[in-house]
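Colleague: Would you be able to build a 3D model of this:
(one chain, ligands or ions: 3)
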Amino acid sequence: MSTAYRSATDSSINSSPTSRPTAAPLGDRYRLERIHLEVTNVCNFKCEFCPDAIMERKRGHMDIALLEKALDEIAEKRLAKIVAFHLMGEPLIYPRIFEAIALATARDLNLHLTTNGSTFHIRPEHIHKLVDSGIPKVTISLQTPEPETFIIRGAPPNLAPDQYFEGITRYVQANLLSASSTRVHLKFLDTTPHPFLVPHKTMHVLEGKEQMQKQLKEWCDRLLAVLPSDHPHRPTPQVLQHRLAQHKPGRWQVIELTPKLALETFPLDSWGNAESTTVIPASFGYCNGTTDQAGILYDGTVVPCCKDYEGKIPLGNINNTTLLDILDQQQPACGLRAGFNKFQVTHPVCKRCMGADSRQKSLLRQVGSIAYFKLYNPVMKRLNPGWGEV
Ligand SMILES: C[S@@+](CC[C@H](N)C(=O)[O-])C[C@H]1O[C@@H](n2cnc3c(N)ncnc32)[C@H](O)[C@@H]1O
Ligand code: SF4
Ligand code: SF4
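Modeller: Ligands and ions are numbered 1, 2, ... in the order given. Alright, predicted model coming up:
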C-alpha cells in the first residue's frame with residue numbers, strides 16, 4: 001500500500017535509494033510522484049485489514065486499450081515518477097497482466113507491482129514470467145508471515161498457508177538467482193500501537209520488537225538460503241544481525257538484504273478511517289492528493305489518492321479527456337486542492353480520512369499532516385534523494 005502520508009517517525013534503514021534500478025530518470029520533471037493505475041479491483045483475498053470486503057464499487061478489469069492510453073500519456077508527458085498497478089484489487093489476477101507490464105516497461109516507466117503473492121502457488125508460471133518481465137520493482141504483501149495470522153487474509157480454499165509462503169519463497173529466490181534487475185520488497189504488517197496512526201481495527205499480527213525481529217530473521221534465513229554463503233551479495237550473519245537490531249517497531253522501515261531484496265515493515269493503517277465507527281472529522285490540514293499522487297480506477301475515473309477506494313472524489317474520467325487536463329482542471333470539480341492550499345480540509349471523505357477517534361488524536365493528525373508534508377518530507381527528500389520512493 002502507498003499511504004497518502006506516512007508516520008512522521010518513518011525511516012528507512014540500510015536502504016540505498018540511489019542504487020535502485022529505476023526505469024525512469026529521477027528529477028523534478030514529473031507531475032506526480034506516484035500514480036495508482038488500478039488494472040483491476042478484483043481480488044482473490046479478503047484481508048481483514050483491507051477495505052476490499054466493504055467496497056461497494058462494481059468489480060471489473062481495466063480495458064487494455066484504456067490502460068495503453070493512460071500509459072502513453074503518463075510516459076509522453078512524464079506525469080509520474082512511479083506507476084503502481086493497483087489501487088484496490090490484485091494485479092496478478094488481471095487476465096492481461098504480463099501484457100500490461102510489457103506495455104509499461106516498453107515505455108520505460110518506473111513500474112511497481114504490489115501483489116499479495118498468492119498466484120506464485122496458484123499459477124506457478126507467474127514466477128518465471130515475472131522474473132523475466134523486466135519490471136523494476138515488485139512488492140509482495142506477505143503481511144501475515146505465520147499460519148496463525150494468515151487466517152485473517154481470507155485466502156481462497158486452494159491456498160494453504162504453507163503453500164502461500166512456499167510460492168512467495170520460490171519467486172523471491174528465482175529472482176535472486178536470475179540476471180533480472182527487479183528489486184523485490186517483502187512487506188510485513190506491523191500492528192504495534194502508534195500515537196499518530198489510527199488503528200483500522202483491533203488486530204494483532206506482529207507487535208513489538210521481539211515478535212517483529214523474530215519473523216524478520218526467520219524470513220531472511222529462509223530467503224537467503226538459496227545464495228551460497230560466499231555470494232558477494234549475501235550479507236554476513238554479523239551484518240544481518242546489525243541491520244535487524246536497528247529495526248524499530250511501529251514505523252515504516254526498509255531493511256536491505258541484498259541489492260535486489262529488502263524486507264519492509266508497514267504499520268496498520270485506517271485506510272481513511274474506512275471502517276472506524278467514531279471519527280472526529282478534520283477541518284484543517286494538508287494532503288498531497290492530486291499534487292504528488294493520484295489514482296485511476298479500472299473504469300477510468302481519476303481520484304486524488306489511494307484512500308479513495310470507492311471513487312467518492314471523482315475528478316474526471318480518462319475515457320473522455322486527458323489525465324493532464326483532469327489534474328489541471330480538477331479544482332472546480334471538488335475544491336479539494338484550493339482547500340489544502342489554505343490548509344483547509346473541505347471534502348467529507350478527506351475530513352474523515354484525516355480525522356481520528358478522539359479529539360486529541362484528530363488534532364494531532366491535522367497538525368501532523370502539515371508538519372509532515374511541509375517540513376519533514378521536503379527536508380528528508382533534500383537530505384536523501386529518492387527518500388520515500390521505495
Ligand atoms: C490494497 S492492496 C492492493 C495490492 C495487492 N492486492 C496486495 O495486497 O498487495 C495494496 C497494499 O495495501 C496494504 N494494505 C491494505 N490494507 C491496509 C491497512 N489497513 N494498513 C496497511 N496496509 C494495508 C496491502 O497489504 C498491500 O500491501
Ligand atoms: S490487501 Fe490486497 S490482497 Fe488483501 S484484500 Fe486488499 S486488495 Fe486483496
Ligand atoms: S482522502 Fe483526501 S485527505 Fe485522504 S489521502 Fe485522499 S486526498 Fe488526502
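
Colleague: So which residues of the chain form helices?
Modeller: 64-76, 97-106, 119-122, 125-131, 147-150, 161-177, 208-224, 237-245, 323-328, 330-334, 336-341, 348-354, 359-371, 377-383 (DSSP state H).

Colleague: With adjacent residues omitted, what lies nearest to Gly154?
Modeller: If the residues on either side of it in the chain are set aside, Gly154 comes closest to Lys46, at 2.9 Å by CB to CB, 6 or more residues apart in numbering. In short, each C-beta sits where N, CA and C put it, glycine included.

Colleague: can you tell me which residues contact that neighbour?
Modeller: By CB atoms under 8 Å, 6 or more residues apart in numbering, Lys46 lies in contact with 52-53, 153-154.

Colleague: With Asn175 instead?
Modeller: The neighbours of Asn175, taking CB under 8 Å, 6+ apart as the test, are 130-131, 138, 182, 184, 260-261.

Colleague: Make CSV out of these and add pLDDT.
Modeller: Conversion of the contacts of Asn175 to CSV gives the following (pLDDT from 0 to 100):
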residue, pLDDT
Leu130, 98
Val131, 98
Val138, 98
Thr182, 98
Val184, 98
Lys260, 97
Leu261, 98
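
Colleague: from these, which two are the most distant?
Modeller: The largest distance within those, taken as CB to CB, falls between Leu130 and Leu261 and amounts to 14.2 Å.

Colleague: which residues of the chain score low on pLDDT?
Modeller: Within the chain, the set of residues satisfying pLDDT under 70 comprises 1-28, 195-201, 330-334, 386-390.

Colleague: and the gap between the residue of the chain positioned farthest from its centre and ligand 1?
Modeller: Of all residues in the chain, Asp230 sits farthest from the chain's C-alpha centroid, using CA atoms, centre = their mean; the distance is 33.1 Å. When distance is defined by CB to the nearest ligand atom, to the nearest Å, Asp230 is 34 Å away from ligand 1.

Colleague: for Asp299, same thing?
Modeller: Where ligand 1 is concerned, Asp299 sits at a distance of 17 Å (CB to the nearest ligand atom).

Colleague: And that residue, its phi and psi?
Modeller: According to degrees, to the nearest 10, the main-chain angles of Asp299 amount to phi -90, psi 10.

Colleague: Next, the contact list for the residue found closest to it once you drop the neighbours it is linked to in the chain, please.
Modeller: Spatial nearest neighbour of Asp299, chain neighbours left out: Gly60 (6.7 Å); criterion: CB to CB, 6+ apart. Taking CB under 8 Å, 6+ apart, we find Gly60 in contact with 40-42, 298-299.

Colleague: Relative to His112, which of those residues is nearest.
Modeller: Nearest to His112, judged by CB to CB, of these is Thr40 at 15.8 Å.

Colleague: What is the burial count for Tyr309?
Modeller: Tyr309 sits with 25 neighbouring residues when counted by other CB atoms under 10 Å.

Colleague: related to what we said a few turns ago, now tabulate the contacts of Lys46 in CSV and tack on neighbour count and distance to Lys217.
Modeller: What follows is the contacts of Lys46, written out as CSV (neighbours: other CB atoms under 10 Å; distance: CB to CB, whole Å):
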residue, neighbour count, distance to Lys217
Asp52, 20, 30
Ala53, 12, 32
Arg153, 22, 22
Gly154, 15, 28
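
Colleague: Just name the closest of these to Ser369, please.
Modeller: Using CB to CB, the shortest approach to Ser369 within the contacts of Lys46 belongs to Asp52, at 25.4 Å.

Colleague: Appreciated, that's everything.
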